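Peer 1: Here is a sequence with its predicted model. Questions after.
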Number of protein chains: 2
Amino acid sequence: MNFPSKLIENAVTEISRLPGIGKKTALRLALHLLRQPEVFSEALSASILEMRQKTQYCRVCHNISDEEVCSICESHRRDRATVCVVEDIRDVLAIENTNQFQGVYHVLGGVISPIQGIGPDNLTIESLINRIGMGEIKEVILALSATMEGDTTSFYLGKRLKESGVKVSTIARGIPVGGELEFTDEVTLGRSILTRINYSQD
Amino acid sequence: MNFPSKLIENAVTEISRLPGIGKKTALRLALHLLRQPEVFSEALSASILEMRQKTQYCRVCHNISDEEVCSICESHRRDRATVCVVEDIRDVLAIENTNQFQGVYHVLGGVISPIQGIGPDNLTIESLINRIGMGEIKEVILALSATMEGDTTSFYLGKRLKESGVKVSTIARGIPVGGELEFTDEVTLGRSILTRINYSQD
């Protein structure tokens, strides 16, 4: 595309670097910004820059945080004996939205994926073992995706945490709430008989 | 959603104000930005702010421009006797990409739409009549969408420009290149017999 304005071309190029946004969508967004009051673009660009420059990873759980220690790890209302191990911040948000978990988290930063070149050393596994070594933790709940990579990571963590003496569990795999039993695939149905698989008992 | 970081929450709120982007997509984009080097977010926010603050509307054709007069109006290679009237900058880009038009443009900034409260006074129609009054323009090509609003605007402009003495034409409506005649709807097919409708001859 041949833009009449270098400034729009720059903005479109930058916006279209975002995942799932092509040149046409980027142009649509840029034209939208031009039609809005200037304060709108100012707020957008300031919030992006501030987020990128000021957020940090929580020293304890490696979740994204505004402070050195995140609000969940800092809170005295949370049960610090129970740690939920998740892949990234989106999983923390998903679990927080259920209002069913009162413990704390440990964000791995990914899952083991040989194809993408992510091994155990690229994740925050050593930090988790150090946390457990401090003695406060009684149970580790593995809440990873039900994919091959997620299962591999759960299996690896289950093995690594065996000697530590803490209880290790994974979230139940089963038929979703509202799902009909007869239409559930046999793998899920088979797994759904078990609700909470206790890794440390095998 | 309950964000663990106020900074991410702000960024997600601002990004989700963009059209077609919800909270979930905004969070995905925000997390993508956090994974990228900081320079990426810097370039993105700078380009958005710069575009919004520094672009202006060309004094002659009302297209978005970096300077007071846009590069197309400024160019000595363009035929200033032929003016193509379009709705907005996206149409300018579409026509420029065909490499078939050597004239200049006039950007209306919209089309007449009583439902959206857009009347002739909200468009740059007076400015077009002033341009024609300066005597250089010989032909006005109306290149508006083949919608009811576009046709209404073309009809209105055709009437308004009748006395000015310039030739007024609209781009041909017809079967798209590659389209099969037998599958074309009758309205399009009926129109396609005429290639260039000369408004001034009726």
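Peer 2: Yes, it's here. Numbering: from 1, shown residues only, chains lettered A, B, ... in the order given.
Peer 1: all strands of chain A, in order?
Peer 2: Using DSSP state E, the strands assigned to chain A run over residues A:56-57, A:64-65, A:79-86, A:103-107, A:139-142, A:167-170.
Peer 1: so what's the spatially most central residue of chain A closest to, chain neighbours aside?
Peer 2: Within chain A, one residue has its C-alpha closest to the average C-alpha position: by CA atoms, centre = their mean, that is residue A:88, at 1.7 Å. For residue A:88, the nearest residue in space outside its immediate sequence neighbours is residue A:107; the separation is 6.2 Å by CB to CB, 6 or more residues apart in numbering or on different chains. No exception for glycine: its C-beta is placed from N, CA and C like everyone else's.
Peer 1: So in terms of bridging, what pairs with that neighbour?
Peer 2: With beta bridges defined as DSSP bridges, residue A:107 has these partners: residue A:86.
Peer 1: surely it meets residue A:61?
Peer 2: Yes - in this structure, residue A:107 sits in contact with residue A:61. The criterion is CB atoms under 8 Å, and the distance is 5.8 Å.
Peer 1: wait, the residue nearest to the centre of chain A sits on residue A:105?
Peer 2: No - with contacts counted by CB under 8 Å, residue A:88 stays clear of residue A:105, the gap being 10.5 Å.
Peer 1: sorry, back to before: could I get the strands of chain A as TSV with distance to residue B:3, mean pLDDT and mean neighbour count?
Peer 2: Compiled in TSV, the strands of chain A are given as follows (distance: least, CB to CB, whole Å; pLDDT from 0 to 100; neighbours: other CB atoms under 10 Å in any protein chain shown):
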stretch	distance to residue B:3	mean pLDDT	mean neighbour count
strand A:56-57	15	88	16
strand A:64-65	9	88	24
strand A:79-86	15	91	19
strand A:103-107	14	92	24
strand A:139-142	22	90	21
strand A:167-170	26	88	21
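Peer 1: Please name whichever of those strands is nearest to residue B:167.
Peer 2: Smallest distance to residue B:167 across the strands of chain A (CB to CB): 62.2 Å, for strand A:64-65.
Peer 1: Distance from the chain centre to that closest one, please.
Peer 2: Strand A:64-65 has its C-alpha centroid displaced from the chain centroid by 11 Å (CA atoms, centre = their mean, to the nearest Å).
Peer 1: now stretch A:8-18
Peer 2: Put simply, stretch A:8-18 sits 27 Å off its chain's centre (CA atoms, centre = their mean).
Peer 1: just stretch A:129-138 next, same as before
Peer 2: The chain centre lies 21 Å from the centre of stretch A:129-138; the measure is CA atoms, centre = their mean.
Peer 1: Endpoints of it, how far apart?
Peer 2: 13 Å (CA to CA, to the nearest Å).
Peer 1: neighbouring contacts of it?
Peer 2: In this structure, residues lying in contact with stretch A:129-138 by CB atoms under 8 Å, 6 or more residues apart in numbering or on different chains are A:60, A:80-83, A:106, A:140, A:160-161, A:164, A:166-167.
Peer 1: make it 7 Å
Peer 2: Outside stretch A:129-138, the residues that touch it by CB atoms under 7 Å, 6 or more residues apart in numbering or on different chains are A:80-83, A:106, A:160-161, A:164, A:166-167.
Peer 1: again with stretch A:159-168
Peer 2: A:125, A:129, A:132, A:137-140, A:142, A:158, A:199-200.
Peer 1: repeat for stretch A:81-90
Peer 2: Taking CB under 7 Å, 6+ apart as the rule, stretch A:81-90 contacts A:63-64, A:92, A:95, A:101, A:103-111, A:128, A:136-145, A:157, B:27, B:31.
Peer 1: Kindly report the domain assignment for chain A.
Peer 2: Per the record's domain assignment (automatic domain parsing), chain A is made up of the domains A:6-53, A:79-201.
Peer 1: Tabulate those domains (JSON lines), appending distance to residue B:53.
Peer 2: What follows is these, written out as JSON lines (distance: least, CB to CB, whole Å):
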{"stretch": "domain A:6-53", "distance to residue B:53": "7"}
{"stretch": "domain A:79-201", "distance to residue B:53": "32"}
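Peer 1: Of the ones you listed, which stretch is the most buried?
Peer 2: domain A:6-53 (a mean of 18; mean count of other CB atoms under 10 Å in any protein chain shown).
Peer 1: is any part of that one close to chain B?
Peer 2: Yes - on the criterion CB under 7 Å from any CB of the partner chain, domain A:6-53 is in touch with chain B at A:6-8, A:10-11, A:14-15, A:18-19, A:27, A:29-34, A:38, A:41-45, A:47-53.
Peer 1: quick one, longest helix in chain A?
Peer 2: In chain A, assigned by DSSP state H, the helix with the most residues is helix A:38-54.
Peer 1: That one: how far from the chain's middle?
Peer 2: When distances are taken as CA atoms, centre = their mean, helix A:38-54 is centred 23 Å away from the chain's centroid.
Peer 1: Just the C-alphas of it, formatted as PDB.
Peer 2: Output in PDB follows, covering the C-alpha atoms of helix A:38-54 (Å, rounded to 0.1, in the frame of the first residue of the first chain):
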ATOM      1  CA  GLU A  38      -6.500  13.500  20.700                       C
ATOM      2  CA  VAL A  39      -6.700  12.600  24.400                       C
ATOM      3  CA  PHE A  40      -7.800   9.100  23.400                       C
ATOM      4  CA  SER A  41      -4.500   8.400  21.500                       C
ATOM      5  CA  GLU A  42      -2.600  10.000  24.300                       C
ATOM      6  CA  ALA A  43      -4.200   7.700  26.900                       C
ATOM      7  CA  LEU A  44      -3.600   4.700  24.700                       C
ATOM      8  CA  SER A  45       0.000   5.300  24.000                       C
ATOM      9  CA  ALA A  46       0.800   6.300  27.600                       C
ATOM     10  CA  SER A  47      -0.900   3.200  29.000                       C
ATOM     11  CA  ILE A  48       1.000   0.900  26.700                       C
ATOM     12  CA  LEU A  49       4.400   2.500  27.400                       C
ATOM     13  CA  GLU A  50       3.700   2.700  31.200                       C
ATOM     14  CA  MET A  51       2.700  -1.000  31.300                       C
ATOM     15  CA  ARG A  52       5.700  -2.100  29.400                       C
ATOM     16  CA  GLN A  53       8.200   0.000  31.300                       C
ATOM     17  CA  LYS A  54       6.800  -0.300  34.900                       C
END
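Peer 1: Helix or strand with the lowest mean pLDDT in chain A?
Peer 2: helix A:186-192 (a mean of 69; mean pLDDT, DSSP states H and E).
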